[in-house]
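# Return atomic coordinates for the entry below.
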Amino acid sequence: LVPNVSERIVEALVPRMGAILGGKVHAEIETHLLPAVQQTVSSTLRNDVVKPIQEMVKTTLDQSFLPHLEKSLKELLERHISRQVGGRVAKEVSEALRQPVTDAFRTTFTQTLVPSFEAACQNMFRQMSRALERALQQNLANVQETRPPFNDMVAQLTQLNNAVETLRGEITATQRRLDEGLQKV
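Predicted coordinates:
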């Protein structure tokens, strides 16, 4: 009788623990894991993708494009002006125009191209974040779909627990009767 009771108690407690733990795991995923994954992905994308691209664009501009543009403008101006005015005047005009043209190009580039690039990157990361969120929600839905067997087990465990409680009451009553019978003897 005692081994059966202990087995029933263990059988009753194991499913209950599964149901309790299943709910806690789901809650932990919802409250902690999803936000942490989203924050990590956003931070990683910002630090490992956007910043290096911005630095690369700036470096490329400063090291390659602007010097090449300055040189091309200087050569173009020198050729056209030297034909009409002469070598000395052409050189002075070329030198005088180089800095304003470079500044205008740099200003236009930083005020138009860089903000457009940043907006495009932010949009791309928003899309990636949404896709990741949808995938996480789908995985969460898949996890939730596996919960119905747990619900059935919980119902069975509840029935088993009720049976154990009934048995416990019967055992207690039988033990009292035995004790009363032994006291009379």
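# For the rest of this, base every contact and every neighbour count on C-alpha atoms.
OK.
# quick one, helices of this structure?
2-28, 34-45, 51-60, 66-84, 87-108, 114-145, 147-184 (DSSP state H).
# For residue 161, give its distance to residue 91.
Counting by Cα to Cα, to the nearest Å, the separation of residue 161 from residue 91 is 99 Å.
# try residue 123
For residue 123 relative to residue 91 (Cα to Cα), the value is 46 Å.
# quick one, which of those two is more surrounded?
Under the neighbour definition other Cα atoms under 10 Å, residue 123 and residue 91 were set side by side, and residue 91 has more, 18 against 12.
# dump the residue contacts of that one.
Contact analysis of residue 91 by Cα atoms under 8 Å, 6 or more residues apart in numbering lists residue 78.
# which residues does the residue nearest to the spatial centre of the chain contact?
In the chain, the centroid-proximal residue (Cα atoms, centre = their mean) is residue 38; its distance is 1.9 Å. By Cα under 8 Å, 6+ apart, the contact list for residue 38 reads 129, 132, 133.
# Could you report the pLDDT at the second one?
Predicted confidence (pLDDT) at residue 132: the value is 84.
# Stretch 39-53: how far from the chain's middle?
11 Å (Cα atoms, centre = their mean, to the nearest Å).
# Keeping just the C-alphas, turn it into PDB.
This file holds the C-alpha atoms of stretch 39-53, laid out as PDB (Å, rounded to 0.1, in the frame of the first residue of the first chain):
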ATOM      1  CA  GLN A  39      18.500  44.700 -28.400                       C
ATOM      2  CA  THR A  40      21.600  42.600 -29.100                       C
ATOM      3  CA  VAL A  41      20.800  42.400 -32.800                       C
ATOM      4  CA  SER A  42      20.100  46.100 -33.100                       C
ATOM      5  CA  SER A  43      23.300  47.000 -31.200                       C
ATOM      6  CA  THR A  44      25.400  44.600 -33.200                       C
ATOM      7  CA  LEU A  45      24.100  45.800 -36.500                       C
ATOM      8  CA  ARG A  46      24.600  49.500 -35.500                       C
ATOM      9  CA  ASN A  47      28.200  48.800 -34.200                       C
ATOM     10  CA  ASP A  48      29.300  46.200 -36.700                       C
ATOM     11  CA  VAL A  49      27.700  47.300 -39.900                       C
ATOM     12  CA  VAL A  50      26.500  50.900 -40.000                       C
ATOM     13  CA  LYS A  51      29.600  52.500 -38.200                       C
ATOM     14  CA  PRO A  52      32.200  50.700 -40.300                       C
ATOM     15  CA  ILE A  53      30.300  51.600 -43.500                       C
END
